[in-house]
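> Here is my input; please provide its structure:
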Amino acid sequence: MRTYDFSPLWRSTVGFDRLFDLAEMAQRAGEDNYPPYNIERLAEDRYQISLAVAGFAPNDITITAEQNVVTIEGSKPDKTERDFLYRGISTRNFKRQFNLADYVQVKSAGFDNGLLKIELVREIPEAMKPRRIAINGVPADNVQKLEAKAA
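Predicted structure coming up:
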């Protein structure tokens, strides 16, 4: 896989820090694919991240939601007294981060049959939602009168 050097762009741009950080993290994301995961859109403003965390208990996993990042970390104590002939179920420590868009928040998390499911929802504040602006000085019935005359 090719890697790109973004340093020339840093010299000629201002305010695009987050965009370049996302691009660099996307390059590094292909390097480690443990644990496997799915991202689903459940509705227009609802999402779900599912991680396959076989061998981990809910107590072994921590979920941290910061400004625009949700971090899932798993650590398993290494106190096994078993003698494995073959160990195909990996229980190595992991740290997986997901960047969230603005106004996307973690709603809940659940653990079911070895899958960790994290529910996300986009809640745009009322002040940020589009609203209709009235035009001062123009009566609303003026538009109807013009249309009536034309017909």
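> all strands for the protein, in order.
Per DSSP state E, the chain carries strands over the ranges 37-43, 46-52, 61-65, 69-74, 94-99, 104-112, 115-122.
> Adding mean pLDDT and mean neighbour count as columns, could you present those strands in CSV?
(Glycine included, C-beta is placed from N, CA and C.) Rendered in CSV, the data for the strands of the chain read as follows (pLDDT from 0 to 100; neighbours: other Cβ atoms under 10 Å):
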stretch, mean pLDDT, mean neighbour count
strand 37-43, 93, 11
strand 46-52, 95, 18
strand 61-65, 94, 14
strand 69-74, 94, 17
strand 94-99, 91, 16
strand 104-112, 93, 14
strand 115-122, 95, 18
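> mind putting those in JSON lines, distance to I133 included?
Compiled in JSON lines, the strands of the chain are given as follows (distance: least, Cβ to Cβ, whole Å):
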{"stretch": "strand 37-43", "distance to I133": "29"}
{"stretch": "strand 46-52", "distance to I133": "30"}
{"stretch": "strand 61-65", "distance to I133": "35"}
{"stretch": "strand 69-74", "distance to I133": "35"}
{"stretch": "strand 94-99", "distance to I133": "33"}
{"stretch": "strand 104-112", "distance to I133": "27"}
{"stretch": "strand 115-122", "distance to I133": "24"}
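> so how far is A43 from E119?
When Cβ to Cβ, to the nearest Å is the yardstick, E119 and A43 sit 11 Å from each other.
> tell me the contacts of N68?
N99, L100, A101, D102, V104 (Cβ atoms under 8 Å, 6 or more residues apart in numbering).
> what's the closest of those residues to Q67?
Within the set of the contacts of N68, L100 lies nearest Q67; the separation is 8.6 Å, counting by Cβ to Cβ.
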